[in-house]
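>>> model the following, please.
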Amino acid sequence: MSRRLHRRGNATDVFVIRARSAAGSERHPNSHQRMRSFNGAGDLQTFEAGTWRRHPLRSRPGGPILGSWVSVPPNTWHQAVTPAKDWAGVSFQTAAAADLIEERPDGGDFLAVRRRRYLDENA
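Numbering: from 1, shown residues only. Predicted coordinates for the structure are as follows:
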């Protein structure tokens with residue numbers, strides 16, 4: 001599977017979020033995102049029906065997959081929040097890296113967004 005993702009050029013990221021922090025709200029209007037907890041634990045929250053819904057994720061080597069993966073549909077606001085320890089994970093997008101769009105709320109307002117291409121270093 002990783003070979004197919006690589007050939008198609010889909011966006012794949014490894015991330016580390018420091019302890020006791022939030023990565024900030026974002027959404028991807030042109031991509032379905034799947035995330036897996038790689039090391040540690042965190043909470044990938046999605047904004048649904050006007051409220052943040054928690055998706056606690058934990059890495060369990062040799063353990064069940066359930067509870068270590070989350071799927072985020074296109075155009076869904078989401079944010080990663082960490083407890084007392086750093087959290088590492090991996091993210092897979094259905095959009096190609098060069099086409100992936102990231103939107104973030106402008107000043108916390110979900111109706112006003114800042115949009116950029118994910119690979120655009122000038123944004």
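>>> partner strands of the strand or helix carrying R34, with direction?
Taking DSSP states H and E as the criterion, R34 maps to strand 33-39. Taking DSSP bridges as the criterion, strand 33-39 pairs within the sheet with strand 69-72 (antiparallel), strand 87-96 (antiparallel).
>>> residues touching the residue of the chain most remote from its centre, list them.
Ranked by distance from the centre of the chain (Cα atoms, centre = their mean), the top residue is G62, with 23.2 Å. Contacts of G62 were listed using Cβ atoms under 8 Å, 6 or more residues apart in numbering, and none were found. C-beta: built from backbone N, CA, C; applies to glycine.
>>> do the same with G42
Here G42 is in contact with 17, 56-57, 80-83, 87, 89 (Cβ under 8 Å, 6+ apart).
>>> would you mind listing the buried residues in stretch 36-52?
Of the residues in stretch 36-52, those with enough neighbours to count as buried (16 or more other Cβ atoms under 10 Å) are 37, 40-47.
>>> for that stretch, what is the distance to the chain centroid?
8 Å (Cα atoms, centre = their mean, to the nearest Å).
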